[in-house]
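Engineer: Kindly return the folded structure for what I paste below:
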Amino acid sequence: MRRRAIIPPRRPVFLGAEGKSEAGYAALLARIARDGLSPAIHIHVEVLQPGAGDPLELIERAIQKIHEIERRRTPFWVKAVLLDRGARDKMESAIARARAVGIAHLIWQDPDHEAMLLRHLPGCQHLRPAAGASFEAIRRRWPDYSKGMPAQQLAQRINIEHIRMACTGEPHLRDFLIKIGLL
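Structural biologist: Now for the predicted structure:
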């Protein structure tokens, strides 16, 4: 009689997303992990709206969601949140609050999500459009891009190699991906 292989349980990862655009990107990361690069993890994506772009408010929403989920399931192995850079005082407050409750990875998008996505495109790793100009900058190089794209559409243009390229200029994203085994 053959013994069945013991499959270890997947480690749960919480990835909070500021809005639909970040949720699509987070779901893309989850899809890449699930499809084989890091099958030992499960990325749980949670949209944190309303938060109106306030980093501290988004961290508070993440804490609330984490507590709700962990009451019913296994505690998260890694906790992270994707958020836009903002006013220094609000960012510092968000960092302190996140640290206090074990959210180890704040993935700062400088200055916003579209700018971070832009850095996934070939030849754009070091582009830093000003706040308010990143949507137009990404549309010049990706004419079909629209806010709130789901993972399936993002996957048509962004794969793990593009993510690796982007990580050369995105240290917070790189640190998170190394921790969960995608890099």
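
Engineer: Only the buried residues of stretch 66-82, if you could.
Structural biologist: By 16 or more other CB atoms under 10 Å, the buried positions in stretch 66-82 come out as I66, I69, F76, V78, K79, A80, V81, L82. Where you see a C-beta, it was placed from the backbone N, CA and C, and this is true even at glycine.

Engineer: before we move on, what about stretch 133-147?
Structural biologist: For stretch 133-147, a neighbour-count test (16+ other CB under 10 Å) marks S134, F135, A137, I138, W142, Y145 as buried.

Engineer: Just the ones in strands from the residues you listed, please.
Structural biologist: Assignment to strands by DSSP state E places none of the buried residues of stretch 133-147 there.

Engineer: Turn the residues you listed into JSON lines, columns for pLDDT and distance to E46.
Structural biologist: Listed next are the buried residues of stretch 133-147 as JSON lines, based on pLDDT from 0 to 100; distance: CB to CB, whole Å:
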{"residue": "S134", "pLDDT": "95", "distance to E46": "24"}
{"residue": "F135", "pLDDT": "96", "distance to E46": "24"}
{"residue": "A137", "pLDDT": "97", "distance to E46": "28"}
{"residue": "I138", "pLDDT": "97", "distance to E46": "24"}
{"residue": "W142", "pLDDT": "97", "distance to E46": "26"}
{"residue": "Y145", "pLDDT": "96", "distance to E46": "24"}
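
Engineer: where in this protein is pLDDT low?
Structural biologist: Along the chain, the parts satisfying pLDDT under 70 run over 1, 5-8, 37-38, 50-52.

Engineer: circling back: so which of the buried residues of stretch 66-82 is the closest to S93?
Structural biologist: Checking the buried residues of stretch 66-82 against S93 with CB to CB, the nearest one is V81 at 13.7 Å.

Engineer: With adjacent residues omitted, what lies nearest to the closest one?
Structural biologist: Counting by CB to CB, 6 or more residues apart in numbering, the nearest residue to V81 once its immediate chain neighbours are dropped is G16, at 3.9 Å.

Engineer: packing partners for the longest helix along the chain?
Structural biologist: Longest helix in the chain, counting residues (DSSP state H): helix 55-72. With contacts taken as 3 or more CB pairs under 8 Å, 6 or more residues apart in numbering; DSSP states H and E, helix 55-72 sits against strand 11-17, strand 41-47, strand 78-84, helix 88-101.
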